[in-house]
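**Student:** could you look at this predicted model? Sequence included:
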Amino acid sequence: MEETEHRLRGLWDRALDGDERAYRDFLTELADRLRPYVRRQLRRLGRDGCEAEDVVQDTLMALHCKRHTYDRTVPVMAWVLAVARYKSIDFVRSAAVPSRVLPLEAAENVAGTDDSQVENSFSVRAALDALPTKIRRSIELMKVVGLNAKEAAALIGISEPAVKVNVHRGLNTMARLLT
Amino acid sequence: MMRTDELIAGISSAPPRRLFGPTTAIVASAAASAVVVASLSFGWLGARDDLWTALTAGNRILLFKLVFTAGIVAAALSLVRDFSVPGRRPGLRPLCAVFALGVASALLLHGVGHATAIVGSHHGGRDSWIECLWKIPVLATPALLLLGIGVRYLAPTRLALAGAVTGLAAGGIGAVGYAFHCHDDSVALVLASYTLAISETTLIGLLAGPILLHWTSGSFGKSAVS
């Protein structure tokens, strides 16, 4: 545990100094370590662990946006896990996020009809992949990850109105592709 | 859905940008609160007529009021900082501040007559006690909002507790502002009425914390990456 803390602390210190590679390694290792923790947190809060990836992504985003709150007197994993716990609770409390876990009967109904939903999901993915990168990323960040326009704009490196226009145009294009 | 490695690639390639750290954010919001509360106190309530004389003559009860309220602010701000940083546990500094407050109060009140301490020299009766109970929370309201902005800029993870200590600090700042106006020089008034008024803002902070301090990755996140 101490070894992990030491290694992550080293990566994080370098990341804070602007080392992009160290930042990527730090986040990648963190994502691996967060998954089981978030899964346990979600189960403890009465949700299914399969939603962990959403919370892991949200936690990584939060750590990035709130990295100025890191206090060098606090172990880096204590800082990370406190944010992960907050994000897990936030995820569960958010009424807008319905559980993906369906009762067995509902799953049977879905499975019993036809394969159209599965096919549709492939079609949507294909339509999304067909879009130019910045338009695709605008839609993914706003409509899938759930970021707002400002956050998405900051991540992609374009203006906020441009993100909104991208989403609007991209969805129209996808609608045309899917009909 | 977007893959986690894509998100990591996007985040890690975002150019770094310097943001205010916890201490700076809390000190800045506390300083802004102090300016606003002082303006409100002098502009709305007005300073007590003998403020300058009382300060220069070393009015011990007035000094006690200021030390008592400022001590609460110092201890509470230390807690506010602790509760605004994920994973940080409150240290011993708040306890040290309370201890220093106790010693300073004892020294200030040593030798003050029993009657003066309890009843006060310019007592305004029940009215001044009741005034405290609503004027201090009113003065503390802008401080609560400004400190709330500072705390939300950081990342509190225990929102009710963070709200409570923010309310405590705001109440203390409001009480300092009120002390410059308050004519009633009585220790009992400070200990009972001021404490009760500060408790009111603490309770407001406790209840409002989960709403006021709730943050998402986008709360001030726009400045996190460019």
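**Tutor:** Structure received. Note that the coordinates shown come from a computational prediction; the quantities given were computed from them, not determined experimentally.

**Student:** contacts and neighbour counts: CA atoms only from here.
**Tutor:** Noted.

**Student:** helix, strand or coil for the closest residue to B:C182 other than its chain neighbours?
**Tutor:** Leaving aside its sequence neighbours, B:C182 sits nearest to B:R48 (C-alpha to C-alpha, 6 or more residues apart in numbering or on different chains; 6.3 Å). Per DSSP: H, G, I helix; E, B strand; the rest coil, the secondary structure class of B:R48 is coil.

**Student:** what about B:R48, neighbour count?
**Tutor:** 16 (other C-alpha atoms under 10 Å in any protein chain shown).

**Student:** shouldn't it be in contact with B:Y178?
**Tutor:** No - using C-alpha atoms under 8 Å, B:R48 makes no contact with B:Y178, being 9.8 Å away.

**Student:** list the contacts of the residue nearest to B:C182.
**Tutor:** B:180-183 (C-alpha atoms under 8 Å, 6 or more residues apart in numbering or on different chains).

**Student:** of those residues - the most surrounded one?
**Tutor:** Using other C-alpha under 10 Å as the neighbour criterion, B:C182 leads these with 24 neighbours.

**Student:** check which helix or strand covers that one.
**Tutor:** For B:C182, there is no helix or strand it lies in under DSSP states H and E.

**Student:** cool, and A:T73?
**Tutor:** Using DSSP H and E, A:T73 is not contained in any helix or strand.

**Student:** just the one 10 residues further on next, same as before
**Tutor:** Per DSSP H and E: A:V83 is located in helix A:76-93.

**Student:** hmm, which helix or strand of chain B has the shakiest average pLDDT?
**Tutor:** helix B:114-118 (a mean of 59; mean pLDDT, DSSP states H and E).

**Student:** any idea which helix or strand comes after it?
**Tutor:** Going down the chain from helix B:114-118, the next helix or strand is helix B:125-153, by DSSP H and E.

**Student:** by contact count, what packs against the following helix or strand past that following helix?
**Tutor:** Using DSSP H and E, the helix or strand that follows helix B:125-153 towards the C-terminus is helix B:159-179. Where contact means 3 or more C-alpha pairs under 8 Å, 6 or more residues apart in numbering or on different chains; DSSP states H and E, helix B:159-179 is packed against helix B:22-40, helix B:60-84, helix B:125-153, helix B:195-212.

**Student:** any regions of chain B where pLDDT drops low?
**Tutor:** Counting by pLDDT under 70, chain B contains low-confidence residues at B:1-2, B:16, B:110-126, B:218-226.

**Student:** redo the helices and strands packed on helix B:159-179 as CSV? Include mean neighbour count.
**Tutor:** Formatted as CSV, those follow (neighbours: other C-alpha atoms under 10 Å in any protein chain shown):
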stretch, mean neighbour count
helix B:22-40, 19
helix B:60-84, 23
helix B:125-153, 21
helix B:195-212, 21
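
**Student:** now distance to A:R136 too, for those helices, in TSV please.
**Tutor:** Output for these, formatted as TSV (distance: least, C-alpha to C-alpha, whole Å):
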stretch	distance to A:R136
helix B:22-40	36
helix B:60-84	36
helix B:125-153	30
helix B:195-212	33
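
**Student:** for those helices, give me TSV that also has distance to chain A.
**Tutor:** Formatted as TSV, the helices and strands packed on helix B:159-179 follow (distance: least, C-alpha to the nearest C-alpha, whole Å):
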stretch	distance to chain A
helix B:22-40	6
helix B:60-84	8
helix B:125-153	8
helix B:195-212	11
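
**Student:** A:V74 is nearest to which of the ones you listed?
**Tutor:** Closest to A:V74 of those is helix B:60-84 (C-alpha to C-alpha; 10.6 Å).

**Student:** and the angle from the closest one to helix B:125-153?
**Tutor:** On the basis of axes from the mean of the first three to the mean of the last three C-alpha atoms, to 10 degrees, helix B:60-84 is oriented at 30 degrees to helix B:125-153.

**Student:** other SSEs contacting helix B:60-84?
**Tutor:** Under the contact definition 3+ C-alpha pairs under 8 Å, 6+ apart, helix B:60-84 sits against helix B:22-40, helix B:51-56, helix B:93-109, helix B:125-153, helix B:159-179, helix B:187-188.

**Student:** next, the angle helix B:22-40 makes with that helix.
**Tutor:** 140 degrees.

**Student:** orientation of helix B:60-84 relative to helix B:195-212 in degrees?
**Tutor:** Put simply, helix B:60-84 runs at 20 degrees to helix B:195-212, going by the same axes, to 10 degrees.

**Student:** need the longest helix for chain A.
**Tutor:** Taking DSSP state H as the criterion, chain A has its longest helix at helix A:20-44.

**Student:** distance from the chain centre to that helix, please.
**Tutor:** 11 Å (C-alpha atoms, centre = their mean, to the nearest Å).

**Student:** same check on stretch A:141-150?
**Tutor:** Taking C-alpha atoms, centre = their mean, the mean C-alpha location of stretch A:141-150 is offset from the chain mean by 10 Å.

**Student:** now stretch B:82-93: buried residues?
**Tutor:** For stretch B:82-93, a neighbour-count test (16 or more other C-alpha atoms under 10 Å in any protein chain shown) marks B:82-88 as buried.

**Student:** from chain A, how far out is the spatially most central residue of chain B?
**Tutor:** Nearest to the mean C-alpha position of chain B, by C-alpha atoms, centre = their mean, lies B:A169 at 1.9 Å. In this view, B:A169 and chain A are 20 Å apart by C-alpha to the nearest C-alpha, to the nearest Å.
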